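> Based on what follows, work out the 3D shape:
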Amino acid sequence: MNPEREVLEAARFISSTNLVAGTWGNVSLLDEGKVYITPSGVPYDELSEEDIAVVDLKSGEQIGGAKKASSELPLHLQIYRDHEIVSAIVHFHSIYASAYASMRKPIPCFVEDQAQIIGGDVPVAEYAPPGTWKLAENVSKALKDKFGVLLANHGAVAVGRNMKEALMAAQIVEKSAQIDSIVSGNGVALPEEDLRNLREVYLKSYSKNIVK
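You can find the predicted model right below:
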């Protein structure tokens, strides 16, 4: 599958699974030094492969695609530049994750899939206006070695070593926010040692069929 098709299908997936509404949110894929990213302000059901913007990672200049790259391009560029493990990014505005972002409240880690795929609690990046390099810096800093982060008063970002993993991480962030809202502060966090072990096993062996 070519990168444009992969980004297009991922965009349609986050729309069909209610991770986004309208034209909000964006998806990108890093391939051979080029960032393939959804364009700005185009409904997902109207997107075509030709619309996917292509941006040079080093220069940040758009070098392909019929539409202008997402206004959140700085966010994607900063994460790719700072985190070598990341090859796909999903920025989404699902209801529960956005609720936690509006409270600026991290999502605690109560379940094993969150420990494995996200790497523990979902942190909150400090607020900055959307589309700015300051927001990009705040998100990249908060992400550290996690695969999910909340954007204060905004939404969430999930990353992965490929698109399949990034989409899975996005779903887990939303699911984890739902779990915490249901248990209403009565959840029991996983022990730190177990959390680290679960994450390590996932990265080194369990995910081998996800990241091929």
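> low pLDDT regions in the chain?
The chain contains residues with pLDDT under 70 at 22-23.
> Residue nearest the middle of it, spatially speaking?
Taking CA atoms, centre = their mean as the criterion, A158 is the residue nearest the geometric centre of the chain, at 2.0 Å.
> Kindly list the longest helix within this protein.
When the chain is parsed with DSSP state H, its longest helix is helix 163-183.
> elements contacting that one?
helix 3-16, strand 88-92, helix 95-103, helix 112-117, strand 148-151, strand 155-160 (3 or more CB pairs under 8 Å, 6 or more residues apart in numbering; DSSP states H and E). Just so you know, the C-beta spots here come from the backbone N, C-alpha and C atoms, and that holds for glycine as well.
> Can you lay out the ones you listed as CSV showing distance to L73?
Converted to CSV, the helices and strands packed on helix 163-183 look like this (distance: least, CB to CB, whole Å):
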stretch, distance to L73
helix 3-16, 13
strand 88-92, 11
helix 95-103, 20
helix 112-117, 25
strand 148-151, 15
strand 155-160, 13
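> Of those, which is nearest S184?
With CB to CB, the closest approach to S184 among the helices and strands packed on helix 163-183 belongs to helix 95-103: 13.3 Å.
> Please point out which parts of the closest one sit buried.
96-98, 100-101 (16 or more other CB atoms under 10 Å).
> what's near enough to touch A170?
Shown in contact with A170 (CB atoms under 8 Å, 6 or more residues apart in numbering): 14, 19, 90, 92, 94, 148, 156, 158.
> any idea which of the residues you listed is closest to E174?
Closest to E174 out of those is S94 (4.4 Å), distances taken as CB to CB.
> hang on, that closest one packs against L19?
Yes: S94 is within contact range of L19, at 4.7 Å (criterion: CB atoms under 8 Å).
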